[in-house]
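1. I would like to see how this sequence folds:
(one chain, ligands or ions: 1)
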Amino acid sequence: MTDLPGRRPPPISEQTPTLKQRLDNLRHLGRLIAQIWRTSRPMTAASIGLRLIAALQPIAVLYAAKLIVDEVVHLTSVTSPGPSPMDWWNAGLLTPVLFYLALEMALVLANDAIGRATGLVDSILSELHSNQVSTELMAHAARLDLMHFESAEYQDRLERARRQAAGRNALLSQLFGQAQDIITVLTLAAGLFVFAPWLILLLPLSFIPSIWGETRFNTMAYMVSRWRTPERRELEYLRYIGASAETAKEIKLFGLGGFLIERFKLLAHGIFLENRRISILRAGWGTVFATISTLAYYAAYAFIVWRTITGEFSIGDLAFLSGSFLRLNGLFQKILLGFTQIAGQSMFLDDLFSFFEIEPTVLPPAHPKAFPVPIREGIRFENVGFRYPETENWVIRNLSFTLRAGETLALVGENGAGKTTIVKLLARLYDPSEGRISVDGVDLKDMAPAEIHAHLGVIFQDFIRYSFTARDNIGVGRVEEKSNQLRIDQAAEQSLADAVIAKLPKGYDQQLGRLFKQGRDLSGGEWQKVAIARSYMRDAELIILDEPTAALDAKAEAEVFARFKGLASGKTAVIISHRFSTVRMADRILVLEHGAILEAGTHEELLAKGGRYAELFELQAAGYR
Ligand SMILES: Nc1ncnc2c1ncn2[C@@H]1O[C@H](COP(=O)(O)OP(=O)(O)OP(=O)(O)O)[C@@H](O)[C@H]1O
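-> Residues are numbered from 1 along each chain as shown. I've put the predicted structure just below:
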């Protein structure tokens, strides 16, 4: 098997990742933070700043509570100045306790406000970040080769990355929240350490088992999700064909609903069972670990109570220490679980960032040459051979021919003969595995793909039916000119799309397709005319129509071609068609078989030769007699 170019080994094999691999994945957090920072510096700074302030609040509140309790205890032992609060106030006895109460209230109020502000900043930042990831993802996908989109492995990776683009929002808050909790823990631990240093030793007992459990179950969940990507993609696909406008007709007529549902159920059930097993294990062990942690807390509590009874701690100390210990215990668990969750999430981040690591292989050369305008000699294939990545078979081998400047060349051949592949090579969507393709002597590899594409007008048989307006459907053929109505009119006229648009209630402003409200669907042939108009938007030196007229009726086809010939006069053109009425209009015809040329010549020459072309032509003509 040939290896996929631009590929790096899958980050994690079918085995559970080692500790080193897990730590390795943590490096993605740096990239994530950089990405968040790129998204919005002020928002990121605000989120961090607010959390820093909030981190100090718990110890401050606990300490205020301790002061209140100690003051109350003290007040219970003083001689009462009178029965009413005013007597106490006038005697100046209430000032400290009221001050502490006001302090605690202010701290609580401030914390509430900061919490809300943080939530607000985070939710805005999350949305911005999610948009940022999506745009970076689309921008990177646009840089990749066609090869990447035609390979199942890359589709899996793209799918995983796409899921991460939307699914990592919680990670942002979690990451920053983690930093906040760590600061809180440090302050609380410092307080605890001052009063009862060795109480801290009890803490690990309460959190270590939970950490172990969480790490394990996170990894298991990730591995299941990773192994199951192909199945999940199939589920998505089944869901799509089972319930979408494009497929409804055929699914209904073939009565495939039940079949698809069964297939979906079978696949979904397998994934469900695995997920359920992990959930049950997680819940069971979670209960055990939570019990251990509660036991540790009460052991510490009993100790503090005893020291208070013996008079070593004040009642305020008791409140402060038990409060600190409780919070510390909870926070420790939260932080460490947070770490394992973050580590778990960073495995998913690997899916996102490893997609960004895929590099295009069809690259512009260091010193790209310009596409020859106009083409003077022609386009030459010299001993071209091609295999699709990861396949053994040569789709094209030893192919040599010249597409002369100004000539219309038709490619004819059975399904799978390699016609579309030749077009992909001509457009430098792939580079040949062997041999060379040149335009006026300049190798295609010496030109930047974008430069080549700028001089091509290509319409593939599986062209896109954009759910845009009619105007944009044509205009995107050349985005810079998409508001140039004159040009759009011309392109529409040349491709006969003008009549299609004239029939639409809103003309050029009509939304096409069934995807959106008020969209209007077109017939196959009408879509094709719109698609051909798109290619006419370009000042193409080379026009390629890959089965452009398959859905057109005979009259429309004759007309489209008459115009095409008019438009293509002086331009070099390639037509792929199974219709001989189209093919015969070409200046020259290449008959392909298994990626090699079987016959070549004009329609008349090939008929006179009495070879394969004549045979196929007769076969089709007989059908009309
Ligand atoms: N992305 C791909 N990966 C692997 N093999 C491919 C890929 N695309 C096409 N092929 C194979 O290459 C061969 C030639 O395909 P191609 O699409 O060029 O044929 P074609 O002559 O255009 O056929 P048709 O008349 O049916 O459109 C086929 O056997 C096909 O299975």
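
2. and this structure, which residues reach the ligand?
-> Residues of the chain found near the ligand, taking CB under 6 Å from any ligand atom as the criterion, are Glu150, Tyr388, Thr391, Val395, Gly413, Asn415, Gly416, Ala417, Gly418, Lys419, Thr420, Thr421. Heads up, the C-betas are built off the backbone N, CA and C, glycines and all.

3. 5 Å - rerun?
-> Taking CB under 5 Å from any ligand atom as the criterion, the neighbours of the ligand within the chain are Glu150, Tyr388, Val395, Asn415, Gly416, Ala417, Gly418, Lys419, Thr420, Thr421.

4. which ones among those residues are found in helices?
-> In this view, the residues of the chain next to the ligand that belong to helices under DSSP state H are Lys419, Thr420, Thr421.

5. So what pairs up with Gly385 in the strands?
-> On DSSP bridges, the residues paired with Gly385 through beta bridges are Glu434.

6. neighbours of it, just the number please.
-> Burial of Gly385 is recorded as 15 neighbouring residues (other CB atoms under 10 Å).

7. now swap in Leu29 and tell me
-> Using other CB under 10 Å, Leu29 has 16 other residues around it.

8. neighbour-wise, which of the ones in helices among the residues of the chain next to the ligand leads?
-> Lys419 (23 neighbours).

9. Which residues lie in contact with the residue nearest in space to the middle of the chain in this structure?
-> Most central in the chain under CA atoms, centre = their mean is Arg162, positioned 2.1 Å from the mean C-alpha point. Applying CB atoms under 8 Å, 6 or more residues apart in numbering to Arg162 gives the contacts Leu137.

10. Tell me the secondary structure of the closest residue to Gly513 other than its chain neighbours, please.
-> Distances taken as CB to CB, 6 or more residues apart in numbering place Ser467 nearest to Gly513, at 3.6 Å, with adjacent residues excluded. At Ser467, secondary structure determined by DSSP: H, G, I helix; E, B strand; the rest coil is coil.

11. helix or strand right after the helix or strand of the chain with the lowest mean pLDDT?
-> With mean pLDDT, DSSP states H and E as the measure, the helix or strand of the chain carrying the lowest mean pLDDT is helix 554-568 (a mean of 68). Using DSSP states H and E, the next helix or strand after helix 554-568 towards the C-terminus is strand 572-576.

12. And the average pLDDT for that next one is what?
-> Confidence for strand 572-576, expressed as mean pLDDT, is 88.

13. What pairs with that strand, parallel or antiparallel?
-> Strand 572-576 is paired, per DSSP bridges, with strand 408-413 (parallel), strand 542-546 (parallel).

14. Which one of the ones in helices among the residues of the chain next to the ligand is nearest to Leu235?
-> Distance from Leu235 was checked for each of those by CB to CB. The minimum falls on Thr420, at 29.5 Å.

15. Surely the closest one touches Phe460?
-> Yes: under the criterion of CB atoms under 8 Å, Thr420 is in contact with Phe460, at a separation of 7.2 Å.

16. ok, the residue nearest to Gly513 - contacts?
-> Contacts here follow CB under 8 Å, 6+ apart; on that basis Ser467 touches Gln511, Leu512, Gly513, Arg514, Leu515, Phe516, Gly519.

17. For Leu336, give its distance to the ligand.
-> The spacing between Leu336 and the ligand, counted by CB to the nearest ligand atom, to the nearest Å, is 47 Å.

18. Quick check: that residue touching Gly213?
-> No: using CB under 8 Å as the test, Leu336 is too far from Gly213 to be in contact (10.9 Å).

19. quick revisit: return the backbone torsion pair for the residue nearest to Gly513.
-> Per-residue torsions, Ser467: phi -80, psi 60 (degrees, to the nearest 10).

20. returning to that earlier point: would you mind giving the contacts of Ser467 as CSV with secondary structure, pLDDT and neighbour count added?
-> Rendered in CSV, the data for those read as follows (DSSP: H, G, I helix; E, B strand; the rest coil; pLDDT from 0 to 100; neighbours: other CB atoms under 10 Å):
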residue, secondary structure, pLDDT, neighbour count
Gln511, strand, 90, 19
Leu512, strand, 91, 25
Gly513, coil, 85, 17
Arg514, coil, 79, 15
Leu515, coil, 76, 14
Phe516, coil, 77, 10
Gly519, coil, 85, 15
